[in-house]
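1. what's the 3D shape of this:
(one chain, ligands or ions: 2)
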Amino acid sequence: MPSEKTAREFQHIACDWQPRPGSAKTRPHAKAWGYRLQNMIRNVAIIAHVDHGKTTLVDAMLHQTGVFRANEAVRERVLDSNDLERERGITILAKHASIRWKGYKINLIDTPGHADFGGEVERTLRMADGALLLVDAAEGALPQTRFVLSKCIELDLPVVTVVNKIDRSDARPDEALHEVFDLFCDLGATDEQADFAHIYAIGKDGIAKRELEDESSDLTPLFETLIERLPAPEGDPAAPLQLLVHNTIHDEYVGRIAIGRIRNGTIKPQETLAIIGKDGVVERKVGALWGFESLERIRIDGASAGDIVAISGIEDVHIGDTITPPSHPNPLERISVEQPTIKIRFMVNTSPFAGLVGDYVTSRQVRERLLKEAQRNIAMRVEEGDEADSFMVYGRGELMLAILAETMRREGYEFALGMPEVVVREIDGKKFEPVETVVVDVPQHHVGTVTQLLGDRRGVMGKMSPLGTNRSRIEYRVPSRGLIGFRSLFMTETRGEGLLNTMFEGWDPYAGPLLRRKNGAIVSDRKGVTTPYALFNLQPRGKLFVGTATKVYEGMIVGEHNRPSDLDVNCTREKKLTNIRAAGKDENVVLTPHKELTIENALDWIDQDELVEVTPDSVRVRKAILQCNLRPKREAPKKS
Ligand SMILES: Nc1nc2c(ncn2[C@@H]2O[C@H](COP(=O)(O)OP(=O)(O)OP(=O)(O)O)[C@@H](O)[C@H]2O)c(=O)[nH]1
Ligand SMILES: [Mg+2]
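-> Ligands and ions are numbered 1, 2, ... in the order given. Coordinates of the predicted model:
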């Protein structure tokens with residue numbers, strides 16, 4: 001159970017270490033009781049590059065603060081709660097949990113590390129008063145470490161650096177810490193910001209130490225440092241209410257719930273308040289009010305500055321709105337995030353198999369679902385497409401949009417996707433395209449291959465530094481266009497030994513045409529069911545995407561051709577039967593396993609004249625124009 005220490009008891013504990021001058025505890029107004037409670041709150045965001053162990057560390061913090069019973073069966077990475085997160089082992093949505101430690105209430109916000117979900121980090125950082133910056137002791141500072149840190153520096157949030165995973169055999173904790181320090185300097189942090197506290201940790205085992213040689217068996221040093229170095233929320237509980245909405249969720253029973261942080265003032269249930277949105281002010285009576293305790297939402301009858309609360313009853317509230325009393329409509333700055341760089345066309349499914357399995361197939365249903373997503377995810381934007389029944393969806397990266405497609409598919413939607421394209425901006429009549437920083441860690445013997453692959457994609461090599469004895473870390477600047485579909489190629493070429501990290505860097509003048517895909521497609525020329533006999537004969541022509549007994553239609557792509565041109569084939573052909581039987585001949589057909597398509601690799605693969613068809617039970621690729629005789633033939637590699 002959480003230890004419910006009163007504020008008075010906390011005073012003893014607080015004496016154990018010295019507060020820094022100017023820290024929350026020494027502020028003059030801390031005398032008032034309300035402020036003292038506020039001083040016992042810490043709103044902390046946990047940020048890092050992907051897989052540096054944020055969610056695992058939150059697990060350990062939850063365990064050590066008694067959130068779970070001793071004998072409670074708790075799964076790993078409990079905050080990665082949705083199916084896709086568990087399947088992929090990554091965090092997609094930022095989530096928060098509250099813990100109590102020695103009378104302090106620490107609101108932890110676990111953020112995703114993947115660059116595509118950077119919008120989540122930007123959105124939630126505004127809820128925090130400080131951040132724990134994790135860095136993997138072996139991998140050191142990587143592109144997303146830089147991105148998240150730059151956002152902290154912009155918001156002037158104090159940071160505690162946690163050098164995590166020091167148990168790794170290839171750990172180099174001191175260098176990792178230096179890299180973080182260099183990042184602070186690089187990003188133009190003030191001296192005060194760069195004077196950050198550091199902790200070494202093994203998140204997996206729940207151990208933290210102030211110095212490497214210290215003995216420790218739990219996270220106490222981390223909690224102490226966090227309380228000591230990260231400030232309590234500022235804000236005046238006596239001032240008029242100002243609450244910034246950071247998230248909205250839907251609850252089956254009470255409808256829309258807004259989650260936000262109170263900057264100033266206090267809030268009670270059933271109050272009539274003003275919602276200051278993008279397009280004006282509306283007055284609404286709020287319903288229930290909840291606070292957060294461990295992983296649960298609990299009803300409360302009042303909350304004040306510094307708290308994170310949830311409110312029901314306001315159906316038209318959006319992320320970024322400010323909630324105030326009608327008498328003091330004083331809005332806070334809206335949450336803004338960086339612009340999307342990739343767009344994908346979502347269309348109604350028009351294939352001959354449309355509507356056979358999906359529950360939601362019409363353009364109205366797809367539109368509503370997309371708009372709902374755009375409200376929740378502020379890094380995404382939806383526009384009506386040029387053609388009927390199509391919508392242009394803008395996002396931070398392919399993964400973000402592929403995850404959206406995967407989520408929709410599981411909800412029973414059916415739709416088609418066009419080729420991912422980068423967003424090209426026009427500035428002073430000149431075209432600009434997004435470019436990314438690519439950091440690769442590869443064994444020495446693959447450096448040549450990688451350099452050539454990225455050279456083909458108009459990548460420019462930057463810094464190259466050795467990592468240990470036979471690995472190198474190389475930085476490139478590559479147009480985002482060239483990186484679509486690059487990851488799987490990179491993994492194949494480096495035999496899975498390479499590490500690839502990319503991050504949006506900025507906008508560069510358009511680099512000119514790039515090769516999209518070298519190979520053509522093998523396309524079915526009729527409707528039917530694939531047979532082993534036909535597929536066996538097709539195998540030598542390329543890589544197949546379908547297995548035997550799969551339903552196909554005219555214009556559906558069944559594989560990648562070995563050559564640049566497209567190939568129309570009959571993949572439903574049966575072996576002609578004769579009267580003469582040769583025993584065992586048919587059983588000899590042994591097919592090589594085909595490549596099963598996922599939404600992500602289908603998006604990576606398709607070209608301009610092709611679509612991905614997504615239904616709840618399958619992912620198919622097809623030509624946009626299905627009839628063989630109407631479709632222009634692809635003879636040479638396309639350039640985009
Ligand atoms: N060796 C070692 N591995 C760890 C440690 N902490 C976490 N890991 C492993 O690192 C991997 C990633 O952990 P996560 O907690 O999912 O990382 P994350 O930062 O939340 O990842 P994203 O949310 O996807 O950005 C998991 O396989 C963990 O088991 C540690 O202290 N030592
Ligand atoms: Mg995580």
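2. Next, the residue in the chain that ligand 1 sits nearest to: phi, psi?
-> When scored by C-beta to the nearest ligand atom, the chain has Gly113 as its residue closest to ligand 1, at 2.5 Å. No exception for glycine: its C-beta is placed from N, CA and C like everyone else's. Backbone dihedrals for Gly113, given as degrees, to the nearest 10, come out at phi -100, psi -10.
3. Who are the contact partners of the closest residue to it other than its chain neighbours?
-> Nearest non-adjacent residue to Gly113, counting by C-beta to C-beta, 6 or more residues apart in numbering: Val50, 3.5 Å away. Contacts for Val50 were tallied using C-beta atoms under 8 Å, 6 or more residues apart in numbering; they are Ile90, Pro112, Gly113, His114, Ala115, Gln144, Asn501.
4. Kindly report the same for Tyr533.
-> Tyr533 touches Arg573, Glu574, Lys575, Asp586, Val589, counting by C-beta under 8 Å, 6+ apart.
5. confidence score at it?
-> We have a pLDDT of 88 for Tyr533.
6. what does Val361 give?
-> At Val361, pLDDT is 91.
7. domains of this structure?
-> Listed domain ranges for the chain are 41-229, 242-324, 342-424, 426-509, 521-623 (source: automatic domain parsing).
8. show me where the stretch 351-500 of the chain has helices.
-> In the stretch 351-500 of the chain, the segments counted as helices under DSSP state H, counting those that start in this stretch are 363-376, 398-410, 447-456, 480-483, 486-493.
9. SS state for the residue nearest the centre of the chain?
-> Residue closest to the mean C-alpha point of the chain, counted by C-alpha atoms, centre = their mean, is Phe117 at 2.8 Å. Following DSSP: H, G, I helix; E, B strand; the rest coil, Phe117 is assigned to helix.
10. try the one 5 residues further on
-> Here Glu122 takes the helix state, with states given by three-state DSSP.
11. Please name the residues that touch the closest residue to it other than its chain neighbours.
-> Among residues not flanking Glu122 along the chain, Val337 sits closest, at 4.4 Å (C-beta to C-beta, 6+ apart). The neighbours of Val337, taking C-beta under 8 Å, 6+ apart as the test, are Gly118, Gly119, Glu122, Arg123, Ile378, Ala379.
12. I'd say Ala288 and Val254 touch.
-> Yes - between Ala288 and Val254 a contact is recorded at 6.7 Å, counting by C-beta atoms under 8 Å.
13. anything in contact with each of those two?
-> Ser312, Gly313.
14. for ligand 2, what are the nearby residues on this protein?
-> Lys54, Thr55, Thr91 (C-beta under 5 Å from the ion).
15. confidence score at the closest residue to Gly462 other than its chain neighbours?
-> Spatial nearest neighbour of Gly462, chain neighbours left out: Glu475 (4.0 Å); criterion: C-beta to C-beta, 6+ apart. On pLDDT, Glu475 comes in at 89.
16. neighbours around Glu475, how many?
-> 17 (other C-beta atoms under 10 Å).
17. Then Glu192?
-> Considering only other C-beta under 10 Å, Glu192 is surrounded by 10 other residues.
18. Name every strand pairing with the helix or strand harbouring Leu133 and say which way it goes.
-> Leu133 belongs to strand 130-136 when assigned by DSSP states H and E. Strand 130-136 pairs in its sheet with strand 41-47 (parallel), strand 159-164 (parallel), by DSSP bridges.
19. So for the last one, mean pLDDT?
-> Average pLDDT, strand 159-164: 94.
20. Check the first one too.
-> When pLDDT is averaged over strand 41-47, the result is 93.
21. can you check stretch 346-354 too?
-> Mean per-residue pLDDT for stretch 346-354: 93.
22. in it, what counts as buried?
-> By 16 or more other C-beta atoms under 10 Å, the buried positions in stretch 346-354 come out as Phe346, Met347, Val348, Asn349, Ser351, Phe353, Ala354.
23. do the same with stretch 252-260
-> Arg256, Ile257, Ala258, Ile259, Gly260.
24. I'd like those residues laid out as JSON lines, including pLDDT, distance to Leu332 and secondary structure.
-> Below are the buried residues of stretch 252-260 laid out as JSON lines (pLDDT from 0 to 100; distance: C-beta to C-beta, whole Å; DSSP: H, G, I helix; E, B strand; the rest coil):
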{"residue": "Arg256", "pLDDT": "86", "distance to Leu332": "20", "secondary structure": "strand"}
{"residue": "Ile257", "pLDDT": "90", "distance to Leu332": "19", "secondary structure": "strand"}
{"residue": "Ala258", "pLDDT": "91", "distance to Leu332": "14", "secondary structure": "strand"}
{"residue": "Ile259", "pLDDT": "91", "distance to Leu332": "15", "secondary structure": "strand"}
{"residue": "Gly260", "pLDDT": "92", "distance to Leu332": "10", "secondary structure": "strand"}
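25. Highest mean neighbour count across the helices of the stretch 351-500 of the chain, which stretch is it?
-> helix 480-483 (a mean of 25; mean count of other C-beta atoms under 10 Å).
26. ok, and what's touching that one?
-> 341-342, 421-422, 433-436, 438, 454, 456-459, 502, 504, 511, 514, 640.
27. low-scoring stretches of the stretch 501-640 of the chain, by residue?
-> Residue ranges of the stretch 501-640 of the chain with pLDDT under 70: 515, 579-588, 635-640.
28. can you do 90?
-> 501-520, 532-533, 537, 548-549, 563-565, 573-596, 600-601, 604-605, 607-609, 628-640 (pLDDT under 90).
29. Quick one: the strands in it, in order.
-> 521-524, 528-529, 542-544, 551-552, 556-561, 567-569, 610-615, 618-623 (DSSP state E, counting those that start in this stretch).
30. now the stretch 101-250 of the chain
-> 104-110, 130-136, 159-164, 197-202, 207-209, 242-251.
31. The shortest one: how far from the chain's middle?
-> By that I understand strand 207-209. In terms of C-alpha atoms, centre = their mean, to the nearest Å, the centre of strand 207-209 is set 28 Å apart from its chain centre.
32. counting contacts, what elements does it pack onto?
-> strand 197-202, helix 220-229 (3 or more C-beta pairs under 8 Å, 6 or more residues apart in numbering; DSSP states H and E).
33. swap in the first one?
-> Using 3+ C-beta pairs under 8 Å, 6+ apart as the contact test, the elements touching strand 104-110 are strand 41-47, helix 54-64, strand 95-101, helix 220-229.
34. out of those, deepest packed?
-> Comparing these by mean count of other C-beta under 10 Å gives strand 41-47 as most buried, with a mean of 26.
35. quick one, that strand and helix 220-229 angle?
-> 120 degrees (axes from the mean of the first three to the mean of the last three C-alpha atoms, to 10 degrees).
36. which outside residues touch strand 41-47?
-> 54, 57-58, 104-111, 113, 121, 124-125, 127-134, 148-149, 152, 157, 226-227, 230, 232-233, 261, 306-308.
37. where does the stretch 1-150 of the chain dip in pLDDT?
-> For the stretch 1-150 of the chain (pLDDT under 90), the answer is 1-40, 50, 59, 63, 65-97, 101-103, 113-124, 126-127, 139-147, 150.
38. Near ligand 1, which residues of it are found?
-> Proximity of the stretch 1-150 of the chain to ligand 1, by C-beta under 6 Å from any ligand atom, involves residues 48, 50-56, 77, 89-91, 112-114.
39. switch to 5 Å and redo it
-> Contacts of the stretch 1-150 of the chain with ligand 1, taken as C-beta under 5 Å from any ligand atom, map to Val50, Asp51, His52, Gly53, Lys54, Thr55, Thr56, Ile90, Thr91, Gly113.
40. how about the last one, what does it touch?
-> Taking C-beta under 8 Å, 6+ apart, we find Gly113 in contact with Ile47, Ala48, His49, Val50, Asp51, His52, Lys54, Ile90, Thr91, Gln144.
41. mind listing what the last one touches?
-> The neighbourhood of Gln144, defined by C-beta under 8 Å, 6+ apart, consists of Ala48, His49, Val50, Gly113, His114, Ala115, Gly118, Asn501, Met503.
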